[in-house]
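> heads up, no residue letters with this:
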């Protein structure tokens, strides 16, 4: 089983590591999502890193232990991997400083806004995030009103399914049968709708999924849960505010 950890260097030089995920953590396996999200600009602050690790674990592993813990370095801005036993380390440098990775061959440099891929005790490659200018030219092909109506319909359908399933579970006369899950058919198209919205709004980091599944259509949102790289709140309390944020991102 290929193991791997996701290591994050924050803007102030603090270092954090995920737990060791066991299984398919090579770059062309489950870890391809890490590379994809890095290139899309997801890891611009610690909150985004934390949210990604939680969702990554939920999608692939389901560990119930604490997922992230701080790391300490013996030397300033130096990560020593000469005794590393994990198959792969994905080291994201979101600080404004160059860091050094000390491996069996000596030292490698990890520039700011880069991701280093380590295999055992050796740096395999470094990835630079490329910003695409043509993203500024994008205009949403779905209006705010249409977007809000779609998400509100998904929310109402999901709520209805929950109520119907609860009725079956609590019924004294209920017997086990396929029909007890029949209500779920009402939203069997949900994943397809979310996928299309994600594509239309260029939502590479899956903010729409986060709003729906983690924040329960914004109902679990609290100030401070999501921040930008300057520490300012990003408000995901409603579909309207989510749309405004997404349009602002692509513009």
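Yes, it's here. Predicted, not measured: the structure shown is a model, and the values here were computed from it. Numbering: from 1, shown residues only.

> run through the neighbouring helices and strands of the regular element (helix or strand) spanning residue 195.
Using DSSP states H and E, residue 195 sits in helix 190-200. On a contact count with 3 or more Cβ pairs under 8 Å, 6 or more residues apart in numbering; DSSP states H and E, helix 190-200 meets helix 144-170, helix 207-209. For the C-beta atoms, the positions are set from N, CA and C on the backbone; glycine is no exception.

> low pLDDT regions in the stretch 101-250 of the chain?
Within the stretch 101-250 of the chain, the stretches with pLDDT under 70 are 130-141, 168-189, 229, 249-250.

> still on that earlier bit, list the contacts of the helix holding residue 195.
Residues outside helix 190-200 that contact it (Cβ atoms under 8 Å, 6 or more residues apart in numbering): 140-142, 147, 150-151, 154, 157-158, 203, 206, 208-209, 212.

> make CSV from those and add neighbour count to it.
Formatted as CSV, the contacts of helix 190-200 follow (neighbours: other Cβ atoms under 10 Å):
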residue, neighbour count
140, 16
141, 9
142, 14
147, 21
150, 16
151, 23
154, 19
157, 15
158, 18
203, 21
206, 20
208, 23
209, 17
212, 22
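
> just those now: which is nearest residue 122?
Minimum distance to residue 122 across those is 31.6 Å, recorded for residue 206 (Cβ to Cβ).

> neighbours of the residue lying closest to the closest one once chain neighbours are set aside, how many?
Nearest non-adjacent residue to residue 206, counting by Cβ to Cβ, 6 or more residues apart in numbering: residue 198, 6.6 Å away. Close neighbours of residue 198, defined as other Cβ atoms under 10 Å, add up to 17.

> could you do the one 4 residues further on as well?
Using other Cβ under 10 Å, residue 202 has 15 neighbouring residues.

> and residue 148, by the same measure?
15.

> quick check: the nearest residue to it once chain neighbours are set aside vs residue 28, distance?
The spatial neighbour of residue 148 that comes closest, neighbours along the chain excluded (Cβ to Cβ, 6+ apart), is residue 239 at 4.4 Å. As judged by Cβ to Cβ, to the nearest Å, residue 239 and residue 28 stand 36 Å apart.

> and if you look at residue 161?
Taken as Cβ to Cβ, the span from residue 161 to residue 28 is 36 Å.

> comparing those two, which residue is more hemmed in?
Per other Cβ under 10 Å, whichever of residue 161 and residue 28 has more neighbours is residue 161, with 18 against 8.

> measure that one to residue 154 for me?
Applying Cβ to Cβ, the value for residue 161 to residue 154 is 11 Å.
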